[in-house]
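Student: got a predicted structure here, sequence first:
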Amino acid sequence: MTHFVQKTEGVARVSDDGYLPVRLVDVAHARSGDKGDTANVGVIARKPEWYELLARELTLQRVTAHFAGVIDGPVERFELPNLNALNFLLHGALDGGGTLSLKTDAQGKVFSTALLRMVLDVPADEVERLGLPVAPAQH
Amino acid sequence: MTTNDNRVVRVASGQGFWGDSLEAPRQQVEGGPVDYLMLDYLAEVTMSILQKQKERDPRMGYARDFVGAIDSVLPAVVERGVRVIANAGGVNPPACADAILGVAEKRGARGKVKVGVVTGDDLLPRLDELIAEGHALANMETGEPLDTVRDRVLSANAYIGSTPIVEALGRGAQVVITGRSTDTALTMAPLRYEFGWGSEDWNHLAAGIIAGHIIECGAQCSGGNCLYDWRSIPDLAEVGYPIVEAKADGTFVVTKHPNTGGRVDVHSVTEQLVYEMGDPHSYITPDVVADFTTIHLAPDGPDRVRVFGIEGRPATDKLKVSIAYRAGFKAVGTLVYAWPDALEKAQLADRVLRERLDRLGLKFDHVLTEFVGASATHGALAGPPPADLPEVQLRVGVRGGDRAAVERFTREIAPLVLNGPPSVTGFAGGRPKVEEIVAYWPALVDKRVVQTKVEVLS
């Protein structure tokens, strides 16, 4: 598996079941905004051929679990294959939203990178086929 | 218009919100050929701020920056026929028009500038009549009827579409001033006017709306706030604001003037497309329901992105109404704690502060503590902070209906500098300010009750 290691710094680890960690921030970019007390996060594949992976991995359940305890409401999910993008609505994310909110991020501007903190477990053969950057090892 | 209309109409964006670059409008008309300059001044709460200004002075209530913007682009308007469309009128479009005519006179262009004024979006004087007629104006998020906050309402404006702007252009207006028209209509209207798109030409109208969505936030589609490869985006100090080059068939190119900074590519445009997106299948506007899942983007040379394939559906019979109401008071106080153990000190200060607020018997609807530098933006997702943070900002906010309690809170921050945990600084700014909260109440109203009016003055 050493040829994966060359793509990023650090050491790639293949887990026992043949999966490799891929950081979402390395395969996607994102922008977020607000509508009342709801933040939206649009996640976009950095390469068109990586969209399928995002659509498969970023399930409603997975994203809901990611934001558990950070937002108060449910999550909605929409697909935009034409833009290689997914859109998530995070309800109850903004402490009331707009002028009511006491949060630094009252308008949900950086929920985008909060979602990009996610790390995906991707089968090693898919990592190779798609040329995905593997997460550097934790220190 | 003929079917082989091959003209390109250029709409330039020169303002993404009230407070955006003062230079951008002039740079857009001087940097290369443009036919229309589109300036978006209104955010959700802007109308209520303007309403307060109008209450103090009946000649105010519009975006004052627009007067300077017109001053800076007047030669292009008078000599080169660039037409300007702006929702700068706020809650007082006629007063805004007077100010613009005043600028024209001062610059020796009296009688040379026709100003179109669109009114009819202001529902505040008609609110009781509408409620009496059975329009609940229920909050779109909570379902509560407007009755519950009626006595605290400051402003109420329907979001209006492209039709009155098209009319003003048809009557020769060189500057069109609206109140609460949708941001996107400011771009779509000139395209509809130029290409003769019909009011049921759904795909073309949707294309115009999406062109508007892409450029309505100014440089946010041309390299500003762009996460994709942000380090390599050139010369943000001279960032070029976006321009749409549209054709009669509803296709368009997003670009910017040559020799400007920033970047227009598929990545920057896609980031803007998903900004503030709801259900992408149904982007509802007064003119059309646009479908964002039909948009196709393709590179078209350096700093050029071609946009095509857009489809739309018939508009609904409702208009969205932007209502602002007084919703209590808030204040936010901050202190900075330094290494060593910066976070722990800030956490102790927060506990001390809250205990003092409790002992004083102060009641708030909400108290929020954030530790800037450790977890303020991403909360628990940030994970445990490093043990050795150089500094942490303690940021405490309170909100409630009792102004005196919020006022008292602002007096409890400073004492912590001397009577709380050590290594504290960053209080040079003085006591936090108490702010009245003007909250946003989105509602729907039947389209038929809103009648817009167009006047053309010179």
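Tutor: Structure's in. What do you need?
Student: from here on, contacts and neighbour counts on C-alpha atoms
Tutor: Noted.
Student: can you tell me the element whichever residue of chain A sits closest to chain B falls in?
Tutor: Residue nearest to chain B within chain A: residue A:33 (4.5 Å; Cα to the nearest Cα). Using DSSP states H and E, residue A:33 maps to strand A:28-35.
Student: up against chain B, what does chain A have?
Tutor: Proximity of chain A to chain B, by Cα under 8 Å from any Cα of the partner chain, involves residues A:29-36, A:39-42, A:44, A:46, A:66-67, A:69-70, A:78, A:80-83, A:87, A:89, A:98-100, A:102-105, A:110-111, A:114, A:117.
Student: now do the strands in chain A.
Tutor: A:19-23, A:28-35, A:38-45, A:75-80, A:85-90, A:119-123 (DSSP state E).
Student: and stretch B:383-398, which residues are buried?
Tutor: Of the residues in stretch B:383-398, B:389, B:391-398 count as buried by neighbour count, 16 or more other Cα atoms under 10 Å in any protein chain shown.
Student: in stretch B:23-40, what's buried?
Tutor: For stretch B:23-40, the neighbour count (16+ other Cα under 10 Å) marks B:24-29, B:33-40 as buried.
Student: pick the most buried one from the strands of chain A.
Tutor: strand A:38-45 (a mean of 29; mean count of other Cα atoms under 10 Å in any protein chain shown).
Student: how far away is the residue nearest to the spatial centre of chain A from residue B:382?
Tutor: Nearest to the geometric centre of chain A sits residue A:116, at 3.9 Å (Cα atoms, centre = their mean). Plainly put, residue A:116 is 11 Å away from residue B:382 if you go by Cα to Cα, to the nearest Å.
Student: then residue B:347?
Tutor: 17 Å.
Student: check the offset of the strand holding residue A:33 from the chain's centre.
Tutor: Averaging C-alpha positions (Cα atoms, centre = their mean, to the nearest Å) puts strand A:28-35 11 Å from its chain's average.
Student: report the inter-axis angle for that strand versus strand A:85-90.
Tutor: On the basis of axes from the mean of the first three to the mean of the last three Cα atoms, to 10 degrees, strand A:28-35 is oriented at 40 degrees to strand A:85-90.
Student: okay, strand A:28-35 in CSV with CA atoms only?
Tutor: Extracted C-alpha coordinates of strand A:28-35, given in CSV (Å, rounded to 0.1, in the frame of the first residue of the first chain):
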residue,chain,number,x,y,z
ALA,A,28,-14.6,18.3,-0.9
HIS,A,29,-15.1,22.0,-0.5
ALA,A,30,-18.1,23.7,0.9
ARG,A,31,-20.0,26.9,1.6
SER,A,32,-22.7,27.6,4.2
GLY,A,33,-25.3,30.2,4.9
ASP,A,34,-28.5,30.8,6.8
LYS,A,35,-32.2,31.0,6.5
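Student: run the angle between that strand and strand A:38-45 for me.
Tutor: Using the same axes, to 10 degrees: strand A:28-35 against strand A:38-45 is 160 degrees.
Student: I'd like to know which elements strand A:28-35 is packed against.
Tutor: Under the contact criterion of 3 or more Cα pairs under 8 Å, 6 or more residues apart in numbering or on different chains; DSSP states H and E, strand A:28-35 touches strand A:38-45, helix A:111-115, helix B:266-273.
Student: if we can go back for a sec, so which of the strands of chain A gets nearest residue B:246?
Tutor: Nearest to residue B:246 among these is strand A:75-80; the distance by Cα to Cα comes to 23.5 Å.
Student: check which helices and strands that closest one sits against.
Tutor: Here strand A:75-80 touches helix A:60-66, strand A:85-90, going by 3+ Cα pairs under 8 Å, 6+ apart.
Student: of those, which approaches residue B:131 most closely?
Tutor: Per Cα to Cα, nearest to residue B:131 of these: strand A:85-90, 31.5 Å.
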